[in-house]
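**Student:** sequence first, then the predicted structure:
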Amino acid sequence: MFNFAFGQQKLTGYYAESREKADLVFDKIILNQVNQSCPYLLFSSGNKHYLIILDRGTHYTIVRANLDLIDKVEIKKVKNEIKPNELLAKAFDFSVYKSEFISFESDFFKEGYEIARGNPTYFVVKDKNKKRYGEYVLSFFVSPVPYNKKVYGYITSTLINMTE
């Protein structure tokens with residue numbers, strides 16, 4: 001199911017497909033936005049279900065979207081979260097993320113993992129200049145997680161709870 005590749009800049013196989021589909025979903029969602037250069041976080045499950053959180057400065061915009069087989073993006077739900085939100089502030093702290101792309105073959109998992117179940121997920125945080133942080137492809141239920149465990153719990157539960 002996975003083709004493995006390493007390095008943040010050049011990905012291949014499923015990793016590249018996940019990145020491309022995530023960028024496509026984000027580009028279609030941001031297209032009609034006034035501020036198109038804000039930091040954002042993107043989390044997807046199975047390259048089908050997406051959660052995008054945009055840092056708007058004064059608040060966060062949280063978008064739940066789906067991508068179908070012909071790459072049509074359907075926005076399912078949008079909500080705004082006022083600041084401060086401690087967990088989202090941590091999510092946008094770029095200094096906590098690994099700089100390299102993470103998969104189960106990465107050094108991060110050289111000691112193994114406790115849990116790896118569910119759909120493959122793709123995660124990335126980008127700053128306003130679109131630089132990638134914390135990028136990975138892993139399983140939906142994974143332990144250890146490559147960043148703050150509470151932030152990961154918030155993101156996964158938000159994706160689930162914003163589903164119809």
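**Tutor:** Everything's here; your move. Numbers count the residues shown, from 1 in each chain.
**Student:** buried residues in the helix or strand harbouring residue 159?
**Tutor:** If you go by DSSP states H and E, residue 159 is part of helix 149-161. Residues of helix 149-161 classed as buried: 151-152, 154-156, 158-159 (neighbour count, 16 or more other CB atoms under 10 Å). In short, each C-beta sits where N, CA and C put it, glycine included.
**Student:** do the same with stretch 130-148
**Tutor:** 132-140, 142, 145-148.
**Student:** between the residues you listed, which sits nearest residue 48?
**Tutor:** Residue 48 has its nearest neighbour among those in residue 140, at 11.9 Å by CB to CB.
**Student:** now the helix holding residue 159, how far from the centre of its chain.
**Tutor:** Relative to its chain's centre, helix 149-161 lies at 11 Å (CA atoms, centre = their mean, to the nearest Å).
**Student:** for it, which helices and strands make contact with it?
**Tutor:** Identification of packing neighbours for helix 149-161 by 3 or more CB pairs under 8 Å, 6 or more residues apart in numbering; DSSP states H and E yields strand 40-45, strand 49-55, helix 86-91.
**Student:** mind listing residues that contact the first one?
**Tutor:** Outside of strand 40-45, the residues within contact range by CB atoms under 8 Å, 6 or more residues apart in numbering are 18, 21-22, 25-26, 50-55, 91-92, 118-126, 140, 155-156, 159.
**Student:** now that strand - C-alpha only, PDB.
**Tutor:** The C-alpha trace of strand 40-45 is given here as PDB (Å, rounded to 0.1, in the frame of the first residue of the first chain):
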ATOM      1  CA  TYR A  40      -2.300  26.700   8.400                       C
ATOM      2  CA  LEU A  41      -2.400  23.100   9.700                       C
ATOM      3  CA  LEU A  42      -3.700  20.300   7.500                       C
ATOM      4  CA  PHE A  43      -4.600  16.800   8.700                       C
ATOM      5  CA  SER A  44      -6.100  14.200   6.400                       C
ATOM      6  CA  SER A  45      -7.400  10.600   6.800                       C
END
